[in-house]
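Chemist: no FASTA, just this:
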């Protein structure tokens, strides 16, 4: 289980993420939603150790996510992933695999080819990454995130830049990974896809978590997109009225 | 340790495939071959001129390669965000910095070795003997480059490539002028003397790595001329890489 308690990130006086607390059950697909600049990417970066948290705790299966060892079992795909353009897809995945303790097992060509086949890049395995399209880079981003067979996957806008077929394939991969017991935490703007595959969602706006829980009870038989807009608008008007009463006081 | 070597291997592969490198190496080869011509017009001093120009040429071209590749090394990772996929794995910033440093330095060593082979062949061709003493000059060249690479890595961890390059070249220039400045300041007033003295201890004294004149005149270097610069290089490199690690650690990616 992923447990985040009172996670806060401040840049000077501005709180980009404000006392965020949530739990993601093992084996679930969790969609992390919010408008642009809401704090989604910062949250993921704090979880995987790329950004330093101002305060708060993050643990996986009860273990604090501080040590390097805890990263052995997580996978991360950044938004719009970039790679070393001089390397081929196989070379890149071998490089990534060599950074883990179980390198002897995961650097094997058979394992790398299996991953490339899963993400649909087997045919371009020996092509330099510099020549890859945006969609292919997205696929390679997912491949490098799952190269170590992680139990927990953190994906930042994984469906961005993919055509409808690519999105469908990615959703299939997520469901396959879920069947293997993996926990997936991902950010997305594509709400219809989130509604389709997520067990639970979290909605963040201006750094504040406004909802966390199962998808169906939240939607109340309405499309996720409609409910999402409603809850964001509610939060905006709530913040505005709080601001007014503060100023009056 | 394994992670450091993995990052070093990839950095080496990346730098060795950089087209800029081959352009600079091409010019270096032309320069080294042209020393035969400059030697031939020097009235009986041809071997000395070839050695002088050749050793200086290898030093300057290796510095140019270090500037071009080193100044972008960390910055490119940050700008293109390739660092994200590395530091989200079980890799510390210290391992990352050390791996980058070792990768670039090994690439420079290969380049110096390549230029050195051409230099030795040219000297053998003109002077009929292998200039074994020059190997000491190449070793000190590598030790100086170690400091310079660490310096460029430090600058590229917190500033833009152009600014980093300018700072590194300035420090290089000052580092080679310290002895001269110190001598000149001896005749000045106390304030200037103290200022120059402060500069002397603040900046790395890179002239310690220059034994090229001894080699040109066929004088073998003393043990102290090799050991002290080696220790100095290791110490400075470690301090600079430690600072680079601090800068990168403090940075929000």
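Modeler: Yep, it's here. Everything numeric here is computed off the predicted structure, so don't read it as measured data. Residues are numbered from 1 along each chain as shown, chains lettered A, B, ... in the order given.

Chemist: spatially nearest residue to residue 148 (excluding sequence neighbours)?
Modeler: Unless you meant another one, I'm taking chain A. Take residue A:148 and drop its neighbours on the chain: the residue closest to it by CB to CB, 6 or more residues apart in numbering or on different chains is residue A:100, 4.6 Å away. The way it works is simple: take the backbone N, C-alpha and C, and place the C-beta from them, glycine included.

Chemist: please refer instead to chain B.
Modeler: Using CB to CB, 6+ apart, the nearest residue to residue B:148 is residue B:66, at 5.4 Å.

Chemist: where's that neighbour, which helix or strand?
Modeler: helix B:46-79 (DSSP states H and E).

Chemist: for the following helix or strand past that helix, packing partners?
Modeler: Per DSSP H and E, the first helix or strand lying C-terminal to helix B:46-79 is helix B:82-87. Contacts defined by 3 or more CB pairs under 8 Å, 6 or more residues apart in numbering or on different chains; DSSP states H and E place helix B:82-87 against helix B:46-79, helix B:93-127.

Chemist: how about a cut-off of 10 Å?
Modeler: Applying 3 or more CB pairs under 10 Å, 6 or more residues apart in numbering or on different chains; DSSP states H and E, one finds that helix B:82-87 makes contact with helix A:40-48, strand A:74-77, helix A:89-97, helix A:134-146, helix B:2-16, helix B:46-79, helix B:93-127.

Chemist: so for it, what gets flagged as buried?
Modeler: Buried residues in helix B:82-87, counted by 16 or more other CB atoms under 10 Å in any protein chain shown: B:82-87.

Chemist: burial count for the closest residue to residue A:46 other than its chain neighbours?
Modeler: Of all residues not flanking residue A:46 in the chain, residue A:53 sits nearest, at 4.7 Å (CB to CB, 6+ apart). Residues lying near residue A:53 (other CB atoms under 10 Å in any protein chain shown) number 22.

Chemist: quick one: least confident helix or strand in the chain?
Modeler: Because you didn't say which chain, this covers chain A. Lowest on mean pLDDT, DSSP states H and E among the helices and strands of chain A sits strand A:63-64, with a mean of 78.

Chemist: if you could check chain B rather than the one you did, that'd help
Modeler: For chain B, counting by mean pLDDT, DSSP H and E, that's helix B:190-202 with a mean of 84.

Chemist: tell me the buried residues in that one?
Modeler: residue B:196.

Chemist: ditto for stretch A:157-172
Modeler: Going by 16+ other CB under 10 Å, stretch A:157-172 has these buried residues: A:157-162, A:166-167, A:169-171.

Chemist: filter those down to the ones in helices?
Modeler: Cross-referencing the buried residues of stretch A:157-172 against helices under DSSP state H gives A:166-167, A:169-171.

Chemist: ok, now which ones touch the residue in the stretch 151-253 of chain B that chain A sits nearest to?
Modeler: Here the stretch 151-253 of chain B gets closest to chain A at one residue, residue B:253, 4.4 Å apart by CB to the nearest CB. Residues counted as contacts of residue B:253 (CB atoms under 10 Å, 6 or more residues apart in numbering or on different chains) are A:45, A:48-52, A:78, B:77-78, B:81, B:83-84, B:87-88, B:93.

Chemist: repeat the analysis, applying 7 Å as the threshold.
Modeler: By CB atoms under 7 Å, 6 or more residues apart in numbering or on different chains, the residues touching residue B:253 are A:45, A:50-51, B:83-84, B:87.

Chemist: go on, residue A:219?
Modeler: For residue A:219, the contact set (CB under 7 Å, 6+ apart) comprises residue A:227.

Chemist: can you pull the phi and psi angles for it?
Modeler: Main-chain dihedrals, residue A:219, degrees, to the nearest 10: phi -70, psi -30.

Chemist: how close does it get to residue A:33?
Modeler: Distance, residue A:219 to residue A:33, by CB to CB, to the nearest Å: 12 Å.

Chemist: next one: residue B:18
Modeler: Taken as CB to CB, the span from residue B:18 to residue A:33 is 41 Å.

Chemist: buried residues of stretch B:111-118, list them for me.
Modeler: Neighbour count says stretch B:111-118 has B:111-112, B:115-116, B:118 buried, by 16+ other CB under 10 Å.

Chemist: got the contact list for it?
Modeler: Identification of contacts with stretch B:111-118 by CB under 7 Å, 6+ apart yields B:25, B:28-29, B:32, B:58, B:61-62, B:65, B:138, B:141-142.
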